[in-house]
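Asks: Provided below for reference: sequence and predicted model.
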Amino acid sequence: MRWLKLHGKDILVTTLAIACVILGVLLSRTQDKARSFTDGSRVGFKLEGTYQQDEPDYASLAIFPGAGDEVDWQLALSDNTISGTMEKTSDPNIYEMADDSGSECGIAHIAYSYASFGDVEGVAFLHLASGDDYVLEKESDTPATFDTRQWANWKIKADCGPDLSKMC
């Protein structure tokens with residue numbers, strides 16, 4: 001008990017100092033995130049990365065830098081893979097999508113994107129010319145693409161069923 005009376009103030013001061021440091025780090029991170037949202041709304045969020053939707057239908061969108069102002073993309077759906085380029089519109093977070101042949105095929109809206117201290121967040125809304133809409137969560141700042149030849153082979157195998165010894 002005597003030891004606690006002698007060192008009680010030291011323990012209290014140390015505890016308060018640690019709590020202040022933790023609070024400072026949390027406030028700094030919150031301020032960084034708020035600044036990122038403000039800047040992203042004004043000049044555009046970081047676009048590059050991988051976005052995915054698992055339900056109701058699978059979709060994975062990979063976005064990576066292209067030549068000049070263009071951005072390259074690849075969209076893998078449960079039954080198809082499409083790729084092409086995106087161009088910014090007057091809104092820095094809305095992009096017009098064109099497929100590899102140059103035909104307009106949809107619009108992408110990056111609602112927000114944030115990455116810091118290994119934490120990656122973001123949402124992209126896609127509206128395709130086919131009328132399909134997707135809400136994709138950002139999974140990574142690194143684009144992950146599918147080799148369309150592998151995708152085609154997988155599709156063929158999936159259509160064959162479990163017995164791959166038969167030719168489809």
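Replies: Good, I have the coordinates.
Asks: ok, and what's touching stretch 128-148?
Replies: For stretch 128-148, the external contacting residues (C-beta atoms under 8 Å, 6 or more residues apart in numbering) are 46, 48-53, 57, 59-64, 74, 76, 81, 83, 97, 104-106, 113, 115, 120-127. In this view, the C-beta of every residue, glycine as well, is placed from N, C-alpha and C.
Asks: residues contacting the nearest residue to residue 82 once chain neighbours are set aside?
Replies: Nearest non-adjacent residue to residue 82, counting by C-beta to C-beta, 6 or more residues apart in numbering: residue 75, 4.8 Å away. Neighbour list for residue 75: 59-62, 81-83, 126 [criterion: C-beta under 8 Å, 6+ apart].
Asks: in its sheet, which strands sit next to whichever strand or helix holds residue 52, and in what direction?
Replies: Using DSSP states H and E, the element containing residue 52 is strand 49-53. Strand 49-53 has its sheet partners listed here by DSSP bridges as strand 59-65 (antiparallel), strand 133-140 (antiparallel).
Asks: winner for burial among these?
Replies: With neighbours taken as mean count of other C-beta atoms under 10 Å, the strands paired with strand 49-53 reach their highest mean count in strand 59-65, at a mean of 20.
Asks: send the alpha carbons of it over as PDB?
Replies: Extracted in PDB, the C-alpha atoms of strand 59-65 (Å, rounded to 0.1, in the frame of the first residue of the first chain):
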ATOM      1  CA  ALA A  59     -18.000  -8.800 -60.600                       C
ATOM      2  CA  SER A  60     -14.400  -7.800 -60.300                       C
ATOM      3  CA  LEU A  61     -13.100  -4.500 -61.700                       C
ATOM      4  CA  ALA A  62      -9.400  -3.800 -62.100                       C
ATOM      5  CA  ILE A  63      -8.400  -0.200 -62.900                       C
ATOM      6  CA  PHE A  64      -4.800   0.700 -63.800                       C
ATOM      7  CA  PRO A  65      -3.000   3.800 -65.300                       C
END
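Asks: next secondary structure after the strand ranked longest in the chain?
Replies: As assigned by DSSP state E, the longest strand anywhere in the chain is strand 104-116. Using DSSP H and E, the next helix or strand after strand 104-116 towards the C-terminus is strand 119-128.
Asks: hey, which helix is longest across the chain?
Replies: Across the chain, the helix with the greatest residue count (assigned by DSSP state H) is helix 2-43.
Asks: need the contact list for residue 120.
Replies: 49, 114, 138-141.
Asks: residue nearest the middle of this protein, spatially speaking?
Replies: Centroid-nearest residue in the chain, with C-alpha atoms, centre = their mean: residue 138, separated by 2.0 Å.
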